[in-house]
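Enquirer: Below is the sequence, then the predicted model.
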Amino acid sequence: MMWYGDGMGGWGFALMIVSTVVFWGVLIAGGIALFRYLNRTAVNVGSGETRPTPEQVLAERFARGEVDEEEYRRRLDTLRGAGPVARS
């Protein structure tokens, strides 16, 4: 066969190197993203963690001393649907 020129020039080698690095970078980043997505989904589904109810949050605040007993009872009645308690 007849060849024209001396083969691939300097720009051809540079383009080949850059495209190879970009290809492997995209492939590795895609693998990492897929691993993180699958790992996050498996942890969230199997963890069984639930958010605390408003009553539990109020009880924790009462236990820490952030609210006094009167305020705790009033807010607990409000949360349970009894409405605000009339003060005398």
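Expert: All right, it came through fine.

Enquirer: ok, and for stretch 13-27, which residues are buried?
Expert: Buried residues in stretch 13-27, counting neighbours by 16 or more other Cβ atoms under 10 Å, are absent. For every residue, glycine as well, the C-beta is placed using N, CA and C.

Enquirer: Which residues are in contact with Glu60?
Expert: Contact partners of Glu60, counting by Cβ atoms under 8 Å, 6 or more residues apart in numbering, are Pro52.

Enquirer: after the helix or strand harbouring it, next one along is what?
Expert: Element membership for Glu60 (DSSP states H and E) is helix 54-64. Reading on from helix 54-64 to the C-terminus, the next helix or strand found by DSSP H and E is helix 69-79.

Enquirer: tilt between that next one and helix 54-64?
Expert: Between the direction of helix 69-79 and that of helix 54-64, the angle (axes from the mean of the first three to the mean of the last three Cα atoms, to 10 degrees) works out to 180 degrees.

Enquirer: buried stuff in helix 69-79?
Expert: In terms of neighbour count (16+ other Cβ under 10 Å), helix 69-79 has its buried residues at 72, 74-76.

Enquirer: ok, now stretch 50-64?
Expert: 58, 62.

Enquirer: I'd like the distance from that stretch to the chain centre, please.
Expert: The chain centre lies 24 Å from the centre of stretch 50-64; the measure is Cα atoms, centre = their mean, to the nearest Å.

Enquirer: quick one: Glu71 and Leu58, what's the gap?
Expert: Plainly put, Glu71 is 9 Å away from Leu58 if you go by Cβ to Cβ, to the nearest Å.

Enquirer: Which residues are in contact with each of the two?
Expert: Going by Cβ under 8 Å, 6+ apart, no residue sits against Glu71 while also sitting against Leu58.

Enquirer: ok, so what distance separates the residue nearest the centre of the chain from Ile32?
Expert: For the chain, Arg40 is the residue whose C-alpha lies nearest the centre (Cα atoms, centre = their mean; 7.7 Å). In this structure, Arg40 and Ile32 are 12 Å apart, going by Cβ to Cβ.
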